[in-house]
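Chemist: Sequence and predicted structure below; questions after.
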Amino acid sequence: MPPASISFRFSQRFKSPAREVYDWATDYDPQDIVRMGHSGKRKIARVCNETLILTDTYHYEDGTKVSKKKLIRLDPAGLRWTNTHLTGPNQHSQFLYELIPEGETACRLDFTGMQILELEDASKREVAERARQLKREDSTSWKNLARAFASERKQASGR
(Lines give C-alpha, C1' and ligand atoms only; values in the text may rest on other atoms or scores of the structure.)
Protein backbone atom coordinates (compact mmCIF):
# COMPACT_ATOMS: atom_id res chain seq x y z
CA MET A 1 0.00 0.00 0.00
CA PRO A 2 1.41 3.38 -0.92
CA PRO A 3 1.50 6.11 1.72
CA ALA A 4 -0.80 9.07 1.23
CA SER A 5 -0.46 12.53 2.73
CA ILE A 6 -3.80 13.80 3.99
CA SER A 7 -4.30 17.41 5.10
CA PHE A 8 -7.26 18.77 7.00
CA ARG A 9 -8.13 21.76 9.18
CA PHE A 10 -10.68 22.84 11.72
CA SER A 11 -11.17 25.42 14.45
CA GLN A 12 -12.43 25.02 18.01
CA ARG A 13 -13.66 27.97 20.08
CA PHE A 14 -13.01 28.45 23.79
CA LYS A 15 -14.76 30.95 26.06
CA SER A 16 -11.52 31.78 27.87
CA PRO A 17 -8.39 33.84 27.25
CA ALA A 18 -5.91 32.29 24.83
CA ARG A 19 -3.05 32.18 27.38
CA GLU A 20 -5.21 30.28 29.87
CA VAL A 21 -6.25 27.74 27.22
CA TYR A 22 -2.65 27.38 25.98
CA ASP A 23 -1.34 26.73 29.48
CA TRP A 24 -4.03 24.09 30.07
CA ALA A 25 -3.70 22.43 26.64
CA THR A 26 0.09 22.13 26.86
CA ASP A 27 0.22 21.02 30.49
CA TYR A 28 0.25 17.40 29.41
CA ASP A 29 -1.36 14.98 31.84
CA PRO A 30 -1.92 11.19 31.89
CA GLN A 31 -5.71 11.87 31.91
CA ASP A 32 -5.63 13.68 28.55
CA ILE A 33 -6.57 10.54 26.61
CA VAL A 34 -9.72 10.17 28.73
CA ARG A 35 -10.46 13.90 28.30
CA MET A 36 -10.37 13.33 24.53
CA GLY A 37 -12.98 10.60 24.89
CA HIS A 38 -10.69 7.60 24.45
CA SER A 39 -9.42 4.74 26.59
CA GLY A 40 -5.71 4.34 27.18
CA LYS A 41 -2.68 5.67 28.99
CA ARG A 42 -0.07 8.36 28.46
CA LYS A 43 3.57 8.57 29.53
CA ILE A 44 5.20 11.99 29.49
CA ALA A 45 8.95 12.61 29.22
CA ARG A 46 10.23 16.17 29.25
CA VAL A 47 13.32 16.54 27.03
CA CYS A 48 13.77 20.21 27.89
CA ASN A 49 11.57 23.16 28.81
CA GLU A 50 9.72 23.37 25.48
CA THR A 51 10.09 19.81 24.17
CA LEU A 52 8.32 16.66 25.34
CA ILE A 53 7.93 13.10 24.18
CA LEU A 54 4.54 11.50 24.74
CA THR A 55 3.97 7.78 24.54
CA ASP A 56 0.25 7.23 24.11
CA THR A 57 -1.29 3.77 24.18
CA TYR A 58 -4.90 3.59 23.03
CA HIS A 59 -7.13 0.67 24.04
CA TYR A 60 -9.96 -0.19 21.67
CA GLU A 61 -13.20 -2.05 22.33
CA ASP A 62 -12.10 -4.99 20.16
CA GLY A 63 -9.15 -5.55 22.54
CA THR A 64 -6.46 -4.09 20.31
CA LYS A 65 -3.90 -1.60 21.55
CA VAL A 66 -2.06 0.99 19.49
CA SER A 67 0.99 2.88 20.78
CA LYS A 68 2.19 6.17 19.35
CA LYS A 69 5.31 8.07 20.33
CA LYS A 70 4.98 11.82 19.69
CA LEU A 71 7.44 14.71 19.75
CA ILE A 72 5.82 17.89 21.10
CA ARG A 73 7.45 21.27 20.48
CA LEU A 74 5.99 24.21 22.39
CA ASP A 75 6.04 27.89 21.37
CA PRO A 76 4.54 29.70 24.37
CA ALA A 77 5.25 33.20 22.99
CA GLY A 78 3.33 32.38 19.79
CA LEU A 79 0.58 30.39 21.57
CA ARG A 80 1.27 27.45 19.24
CA TRP A 81 2.74 23.97 19.31
CA THR A 82 3.47 21.00 17.06
CA ASN A 83 2.92 17.27 17.49
CA THR A 84 5.03 14.99 15.27
CA HIS A 85 4.42 11.23 15.35
CA LEU A 86 7.74 9.42 15.72
CA THR A 87 6.32 5.89 15.83
CA GLY A 88 3.02 4.15 15.35
CA PRO A 89 0.61 3.77 12.47
CA ASN A 90 0.79 7.49 11.60
CA GLN A 91 4.58 7.77 11.73
CA HIS A 92 5.87 11.10 10.35
CA SER A 93 2.44 12.72 10.57
CA GLN A 94 2.44 16.23 11.98
CA PHE A 95 -0.20 18.35 13.67
CA LEU A 96 -0.06 22.11 14.18
CA TYR A 97 -2.01 23.99 16.84
CA GLU A 98 -2.36 27.75 17.16
CA LEU A 99 -4.51 29.72 19.57
CA ILE A 100 -5.89 32.98 18.19
CA PRO A 101 -7.17 35.48 20.79
CA GLU A 102 -10.70 36.72 20.11
CA GLY A 103 -10.94 39.56 22.55
CA GLU A 104 -9.89 39.28 26.18
CA THR A 105 -12.23 36.45 27.17
CA ALA A 106 -12.27 34.07 24.21
CA CYS A 107 -10.02 32.39 21.67
CA ARG A 108 -10.01 29.98 18.78
CA LEU A 109 -7.78 26.97 18.27
CA ASP A 110 -6.77 26.58 14.62
CA PHE A 111 -5.75 22.96 14.00
CA THR A 112 -3.95 21.70 10.90
CA GLY A 113 -3.45 17.97 10.45
CA MET A 114 -0.96 16.56 7.97
CA GLN A 115 -1.38 12.85 8.38
CA ILE A 116 0.41 10.09 6.53
CA LEU A 117 -1.59 6.91 6.06
CA GLU A 118 -1.17 3.71 4.13
CA LEU A 119 -4.14 3.48 1.74
CA GLU A 120 -5.04 0.67 -0.63
CA ASP A 121 -6.81 3.18 -2.85
CA ALA A 122 -5.00 6.53 -2.79
CA SER A 123 -7.35 8.09 -5.35
CA LYS A 124 -8.33 11.74 -4.89
CA ARG A 125 -11.78 10.56 -3.84
CA GLU A 126 -10.45 8.20 -1.16
CA VAL A 127 -7.98 10.81 0.13
CA ALA A 128 -10.81 13.38 0.37
CA GLU A 129 -13.02 10.88 2.23
CA ARG A 130 -10.24 10.04 4.69
CA ALA A 131 -9.58 13.76 5.23
CA ARG A 132 -13.26 14.24 6.15
CA GLN A 133 -13.10 11.25 8.51
CA LEU A 134 -9.89 12.42 10.20
CA LYS A 135 -11.27 15.96 10.57
CA ARG A 136 -14.42 14.56 12.18
CA GLU A 137 -12.43 12.35 14.59
CA ASP A 138 -9.92 15.01 15.64
CA SER A 139 -12.49 17.80 15.91
CA THR A 140 -14.59 15.51 18.15
CA SER A 141 -11.54 15.00 20.39
CA TRP A 142 -11.10 18.78 20.62
CA LYS A 143 -14.80 19.31 21.35
CA ASN A 144 -14.36 16.84 24.23
CA LEU A 145 -11.24 18.70 25.38
CA ALA A 146 -13.07 22.04 25.24
CA ARG A 147 -15.85 20.59 27.42
CA ALA A 148 -13.27 19.18 29.86
CA PHE A 149 -11.53 22.56 30.00
CA ALA A 150 -14.79 24.40 30.70
CA SER A 151 -15.76 21.85 33.36
CA GLU A 152 -12.39 21.94 35.10
CA ARG A 153 -12.33 25.75 34.96
CA LYS A 154 -15.83 25.89 36.46
CA GLN A 155 -14.82 23.48 39.27
CA ALA A 156 -11.67 25.49 40.01
CA SER A 157 -13.68 28.70 40.35
CA GLY A 158 -16.20 26.98 42.65
CA ARG A 159 -19.20 27.76 40.46
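Modeler: Looks like it came in fine.

Chemist: Point out where the chain drops to low pLDDT.
Modeler: 1, 159 (pLDDT under 70).

Chemist: Which helix runs longest in it?
Modeler: For the chain, the helix that runs over the most residues, judged by DSSP state H, is helix 124-157.

Chemist: show me what contacts the residue lying closest to residue 91 once chain neighbours are set aside?
Modeler: Leaving aside its chain neighbours, residue 91 sits nearest to residue 85 (5.5 Å; criterion: Cβ to Cβ, 6 or more residues apart in numbering). Where C-beta positions appear, they are placed from N, C-alpha and C, glycine not excepted. Each residue near residue 85 by Cβ atoms under 8 Å, 6 or more residues apart in numbering is listed here: 68, 69, 70, 91, 92, 93, 94.

Chemist: what's the answer for residue 67, then?
Modeler: With contacts defined as Cβ under 8 Å, 6+ apart, the neighbours of residue 67 are 55, 56, 57, 58, 87, 88.

Chemist: now, which of those residues lie within strands?
Modeler: Taking DSSP state E, the ones among the contacts of residue 67 that sit in strands are 55, 56, 57, 58.

Chemist: Among those, name the buried ones.
Modeler: 55, 56, 58 (16 or more other Cβ atoms under 10 Å).

Chemist: mind putting the residues you listed in TSV, distance to residue 153 included?
Modeler: Output for these, formatted as TSV (distance: Cβ to Cβ, whole Å):
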residue	distance to residue 153
55	28
56	24
58	26
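
Chemist: now, which of the residues you listed sits nearest residue 48?
Modeler: Within those, the smallest distance to residue 48 is 17.3 Å, found for residue 55 (Cβ to Cβ).
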